[in-house]
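Enquirer: A structural model of the following input is requested.
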Amino acid sequence: MTLTPPGTPGQHHPSRTLPLPAAHPGGRSATVCRFRCGDACSQPVPNTSDNEYFGDLLRASLSRRAALAGSVAAVVLGSVTREVVQAPSAAAAKKHGGRSGRPFAFAPIEPVPATVDAVTVPRGFTWTTILSWGDPILPGAPDFDFDNQTPEAQAGQFGYNNDFLALLRFWGSDDALLVANHEYTNENLMFRGWTTPARASLDELRIAMMAHGMSVVAVSRRGSGDPWSARRFSPFNRRITAATPFRVDGPAAGSDLLRTSADPSGRVVLGTLNNCSGGVTPWGTVLSGEENFNQYFAVPEPPADDKVAAGYKRYGITDKSGRHWFRADPRFDTANEPNEPHRFGWVVEVDPFDPKAPPRKHTALGRFKHEAANIAIARDRRVAVYMGDDERFDYLYKFVSRRTFRRGASWFARRHNMSLLEAGDLYVAKFSGEPSPDFDGDGRWLALTKDGESVVPGMTTEEVLVWTRLAADAVGATKMDRPEDVEPSPRTGKVYLACTNNTARTPAQVDAANPRAVNKDGHVIEITEKGGDAAARTFSWKILIVCGDPADPSTYFSGFDKSEVSPISCPDNVAFDLAGNLWIATDGQPESLGVDDALLAVPVRGKERGHTQQFLAVPTGAETCGPVVDFDDRTALVAVQHPGDVPGASPDAPKSLFPYDGTGQPRPSVIQVHRTDGRAFLPRG
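Expert: Numbers count the residues shown, from 1 in each chain. This is a model prediction of the structure:
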């Protein structure tokens, strides 16, 4: 098969039609679920608290909402195409032909069947690769060689399964630092002949450990509108892995719950695991969320300490063998180190501009399966950090700093601001609401710590921060449908929460903020803090989108005509463009809708509110991550994660060739999308 180089105008990578992936209970293929979250969707729900649902108020309204949904149109899927650049269908061209007919400066693409192995972008756009798994970024690191990987090589190469992306510019130049999370590894696609963790070689285990974590890579371009290129050996380049020392700060630092035989101080942790999404701080550092860390630990027997055992159960730390990392490093066996799991599940902060600065784990922000962490500045200049716990029936959190943010770029201001996440108050959300066809209501932030001390009866401050889920259970937080990325709008201050899905929710458990049973498609919630103040203790909320096939009467797009919108399912990462529009990356559309995962845009204000439009699709088996939407400079960056991870895939029988580089193997990669004519594609308003 002859492959043309990516980004050549008028030429496109050939698509390959493949068998449709088998469904898994949580909406993803079985291998994705196994490697990313340890089959969380097949395990008992960790939250067994009796926190109330608002189902009694809402059940009567469901049929009423369906009646109010208005006319719907069937989703028409585009035919399988051999082009990565897709023209809109004839119907779409007619529908979106006028300037007033679409809110963005691109014609939305039709959904792409999940059997298509291609990056699909609108006509007039192209894409190129910036970085792929195995690309050398540190001095001495060899070029990628699929059949000759070593732990030492991987430690100097770009990691696996890139997720969150941040692009931090050097002021007034065309140089920047690209920061990427590396969430987890797909060993079945990384190693020939791989069968199970128990049979993995020690080298394979260590390569996987080195492929986790984060990468910082210098990138540059010739000018605005030109593509970014990675700089192979910049002094800023950095790999953070499962073995990198982290400093622990905040009220739980030094706690007995964090001490191990290797670290009797409880203040130095080796590594970061399962880094999913994140955020960029106003002072130019990057926050990263440690998510499904529970799967890495072997638990041959439950801990003898009853409190520790209860914490293990609530966090799903129950696997007798985990990923078998204990064979390469005994700290991953809880029989040796029962506190080691407590040292993961935090928000970490990395300073990309100082490669020698140790990254930190912030205990004041609580410990759970952090999807992300994003910051807003309150009226009194304290900072608020919004965080979701990505588990079925878990919670939305907010941290408010004790100290205030200092404006300015001076060394003194930055040093001060880098201490803001070490002390403050931690809250969890409680939603309420009455039956309404507009899907809205009110809410409160329930305190877990106040002035740095626990306010949860029967729990010390250290226990609240290490076992934050148990503390949130105790105060009666609202059980959500997998709250993932949550970000405040830089234009309005409103906060947007992506609830990915929850097929375990029953009709009796439907409530105001989670309005659908067996929620395979998810929804997006808009939160307005009282008075627009990020430090407020109360808020109002509306559901922006109840996701799914627009032909489904239970879907909702803020009242916008559903015959005009693109289908969307399983919202995961979110981002904003400079005009204040929301961009949503999906994770699970192949199983829920039968189409490749996507990046979609939706206005959140004005007459176009809810007008969801699909911008791109990723290859078969892949997930859309990132993104960085930087339309003022004519580019959008997307992380393409686990391409080709479908049933039956292996290195000897790959199901994707993305990024089509001639290696013959799928490689998770960061791509950029830009117009072929170099013009901006800033949304029109």
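
Enquirer: Just give me the residue right at the centre of the protein.
Expert: The centroid of the chain falls nearest to S277 when counting by Cα atoms, centre = their mean (3.8 Å).

Enquirer: what are the ranges of the helices in the stretch 51-200 of the chain?
Expert: Using DSSP state H, counting those that start in this stretch, the helices of the stretch 51-200 of the chain run over 55-68, 90-95, 151-155, 187-190.

Enquirer: Comparing these by mean pLDDT, which bottoms out?
Expert: Ranked by mean pLDDT, those bottom out at helix 55-68, which scores a mean of 35.

Enquirer: just for the stretch 351-500 of the chain, where's the confidence low?
Expert: The stretch 351-500 of the chain contains residues with pLDDT under 70 at 435.

Enquirer: 80 - rerun?
Expert: The stretch 351-500 of the chain contains residues with pLDDT under 80 at 434-437.

Enquirer: what ranges do the helices span in it?
Expert: Assignment of helices within the stretch 351-500 of the chain using DSSP H, counting those that start in this stretch yields the ranges 411-417, 461-466, 468-475.

Enquirer: Kindly reformat the ones you listed as JSON lines and extend each row with mean neighbour count.
Expert: Any C-beta I mention is one placed from the backbone N, CA and C, and that applies to glycine too. As requested, the helices of the stretch 351-500 of the chain are exported to JSON lines (neighbours: other Cβ atoms under 10 Å):
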{"stretch": "helix 411-417", "mean neighbour count": "14"}
{"stretch": "helix 461-466", "mean neighbour count": "24"}
{"stretch": "helix 468-475", "mean neighbour count": "24"}
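
Enquirer: Could you dump these into CSV with distance to N501 added?
Expert: Conversion of the helices of the stretch 351-500 of the chain to CSV gives the following (distance: least, Cβ to Cβ, whole Å):
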stretch, distance to N501
helix 411-417, 36
helix 461-466, 28
helix 468-475, 20
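
Enquirer: hang on, the earlier thing: under a three-state scheme, what state does the residue nearest to the centre of the chain occupy?
Expert: At S277, secondary structure determined by DSSP: H, G, I helix; E, B strand; the rest coil is strand.

Enquirer: shouldn't it be in contact with D587?
Expert: No. Because the distance of 10.6 Å does not satisfy Cβ atoms under 8 Å, S277 is recorded as not touching D587.

Enquirer: Need the overlap of contacts for the two.
Expert: Shared contacts of S277 and D587 (Cβ atoms under 8 Å, 6 or more residues apart in numbering): 572-573, 625.

Enquirer: nearest to P46, of the residues you listed?
Expert: Of all those, D572 has the smallest distance to P46: 20.1 Å, by Cβ to Cβ.

Enquirer: In contact with the residue nearest to A211 when sequence neighbours are not counted, which residues?
Expert: Once flanking residues are discounted, A211 sits nearest to Y160: 3.9 Å by Cβ to Cβ, 6 or more residues apart in numbering. Each residue near Y160 by Cβ under 8 Å, 6+ apart is listed here: 133, 182, 184-186, 190, 208, 211-212, 668.

Enquirer: now with 7 Å?
Expert: Taking Cβ atoms under 7 Å, 6 or more residues apart in numbering, we find Y160 in contact with 133, 182, 185, 190, 211, 668.

Enquirer: tell me the contacts of the residue nearest to the first one when sequence neighbours are not counted?
Expert: If I follow you right, that is W133. Nearest residue to W133, sequence neighbours excluded (Cβ to Cβ, 6+ apart): R667, at 4.5 Å. Going by Cβ under 7 Å, 6+ apart, R667 touches 132-134, 659.

Enquirer: now for those, which pair is the farthest apart?
Expert: G134 and P659 (11.5 Å).

Enquirer: From the neighbour counts alone, determine which of those two ranks first.
Expert: A count of neighbours by other Cβ atoms under 10 Å puts P659 above the other of G134 and P659, at 27 against 24.

Enquirer: To F353, which of the helices of the stretch 351-500 of the chain lies closest?
Expert: Closest of these to F353 is helix 411-417, at 9.2 Å (criterion: Cβ to Cβ).

Enquirer: next one: the closest one to chain centre, how far?
Expert: Distance of helix 411-417 from the chain centroid (Cα atoms, centre = their mean, to the nearest Å) equals 29 Å.

Enquirer: Show residues contacting it.
Expert: Against helix 411-417 from outside (Cβ under 7 Å, 6+ apart): 283, 405-407.

Enquirer: Compare these and tell me which has the most neighbours.
Expert: Compared across the contacts of helix 411-417, W283 has the highest neighbour count, 21 neighbours, by other Cβ under 10 Å.

Enquirer: Count residues in the vicinity of F615, would you?
Expert: Look at F615: counted by other Cβ under 10 Å, it has 27 neighbours.

Enquirer: Please report the distance of it from D226.
Expert: Distance of F615 to D226, given as Cβ to Cβ, to the nearest Å: 20 Å.

Enquirer: ok, so of the contacts of R667, who is nearest Y395?
Expert: Nearest to Y395, judged by Cβ to Cβ, of the contacts of R667 is W133 at 33.1 Å.

Enquirer: What is the neighbour count of that closest one?
Expert: Counted by other Cβ under 10 Å, the residues lying close to W133 total 27.

Enquirer: likewise L448?
Expert: As a burial measure, L448 scores 25 neighbours (other Cβ under 10 Å).

Enquirer: who are the neighbours in contact with A622?
Expert: The contact partners of A622, by Cβ under 7 Å, 6+ apart, come to 597, 640-643, 658.

Enquirer: Give me the pLDDT value at it.
Expert: The model's pLDDT for A622 equals 98.

Enquirer: same question, A30
Expert: Note for A30: predicted pLDDT of 65.

Enquirer: ditto for S79
Expert: Looking at S79, its pLDDT reads 23.

Enquirer: Then H12?
Expert: We have a pLDDT of 30 for H12.

Enquirer: what's the answer for the one 5 residues further on, then?
Expert: Taken from the predicted model, the pLDDT recorded for T17 is 33.

Enquirer: what do you get for the one 3 residues further on?
Expert: With respect to pLDDT, L20 has a value of 38.

Enquirer: next one: phi and psi at G532?
Expert: When quoted as degrees, to the nearest 10, the phi and psi of G532 stand at phi 70, psi 20.

Enquirer: That one contacts G493, doesn't it?
Expert: Yes. Using Cβ atoms under 7 Å, G532 makes contact with G493 at a distance of 5.2 Å.

Enquirer: Between these two, which is the more surrounded one?
Expert: Legend: neighbour count by other Cβ under 10 Å for G532 and G493, higher for G493 (16 against 13).

Enquirer: Relative to I207, how far out is the more buried one?
Expert: Between G493 and I207 the distance is 44 Å, computed by Cβ to Cβ.

Enquirer: Let me see the backbone angles for E564.
Expert: Backbone torsions of E564, given as degrees, to the nearest 10, read phi -100, psi 0.

Enquirer: what's around it, how many residues?
Expert: 20.

Enquirer: quick one: it and N51, what's the gap?
Expert: The gap separating E564 from N51 is 38 Å, by Cβ to Cβ.

Enquirer: cool, and D577?
Expert: According to Cβ to Cβ, D577 stands 36 Å off from N51.

Enquirer: Show me which of those two is the more surrounded one.
Expert: Using other Cβ under 10 Å as the criterion, D577 and N51 rank with D577 on top: 20 against 16.

Enquirer: so who does the nearest residue in space to the more buried one that is not next to it in sequence touch?
Expert: Distances taken as Cβ to Cβ, 6+ apart put V629 closest to D577, at 4.6 Å, once the chain neighbours are dropped. By Cβ under 7 Å, 6+ apart, the contact list for V629 reads 575-577, 583, 636.
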